[in-house]
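>>> Coordinates only, no sequence provided:
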């Protein structure tokens with residue numbers, strides 16, 4: 001297998017910590033909204049849910065500000081509350097972007113140790 005160089009713009013350890021905080025939160029939000037969507041796909045989210053979800057999505061968008069996927073990440077509309085199924089579509093895009101972030105910066109190093117490749121600890125991903 002050919003070794004891949006890590007891009008020059010590596011995340012900081014603080015960004016990795018932020019990822020590790022936000023990923024489980026997004027997973028839980030997705031599961032909850034998915035359940036709502038199964039019951040009432042066209043039901044609208046209320047203002048509180050939209051604000052809470054957008055708080056997490058805003059931090060994820062900031063984390064991914066240097067990633068090309070950020071241009072496809074929209075927040076939930078606060079003027080016209082989205083339906084449950086629309087919210088799941090948007091949340092799924094964030095989930096995919098976070099998975100790509102992990103795939104890009106987490107992996108095996110030359111010593112076959114799985115770890116994050118960061119500005120503080122760069123290396124060559126195998």
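The structure has been received and is ready for your questions. Just so we're clear, the structure is a prediction, and the values are computed from it rather than from any experiment.

>>> in the protein, which spans are helices?
13-39, 47-63, 84-105 (DSSP state H).

>>> will you turn those into TSV that also has mean neighbour count, mean pLDDT and distance to residue 119?
Heads up, the C-betas are built off the backbone N, CA and C, glycines and all. Output for the helices of the chain, formatted as TSV (neighbours: other Cβ atoms under 10 Å; pLDDT from 0 to 100; distance: least, Cβ to Cβ, whole Å):
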stretch	mean neighbour count	mean pLDDT	distance to residue 119
helix 13-39	15	97	8
helix 47-63	16	97	14
helix 84-105	17	96	10
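
>>> Ok, which of those helices comes nearest residue 120?
helix 13-39 (5.2 Å; Cβ to Cβ).

>>> what's the angle between the closest one and helix 84-105?
Counting by axes from the mean of the first three to the mean of the last three Cα atoms, to 10 degrees, helix 13-39 lies at 150 degrees to helix 84-105.

>>> name the helices or strands packed onto helix 13-39?
Here helix 13-39 touches helix 47-63, helix 84-105, going by 3 or more Cβ pairs under 8 Å, 6 or more residues apart in numbering; DSSP states H and E.

>>> how about a markdown table for those helices, with distance to residue 121 added?
Below are these laid out as a markdown table (distance: least, Cβ to Cβ, whole Å):
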| stretch | distance to residue 121 |
| --- | --- |
| helix 47-63 | 18 |
| helix 84-105 | 11 |
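
>>> quick one, which of those helices is nearest to residue 75?
helix 47-63 (5.0 Å).

>>> tilt between the closest one and helix 84-105?
Using the same axes, to 10 degrees: helix 47-63 against helix 84-105 is 20 degrees.

>>> what's next to helix 47-63, contact-wise?
Residues from elsewhere that reach helix 47-63 (Cβ atoms under 8 Å, 6 or more residues apart in numbering): 15, 18-19, 22, 25-26, 29, 33, 45, 70, 73, 75-78, 81-82, 87, 90-91, 94, 97-98, 101.
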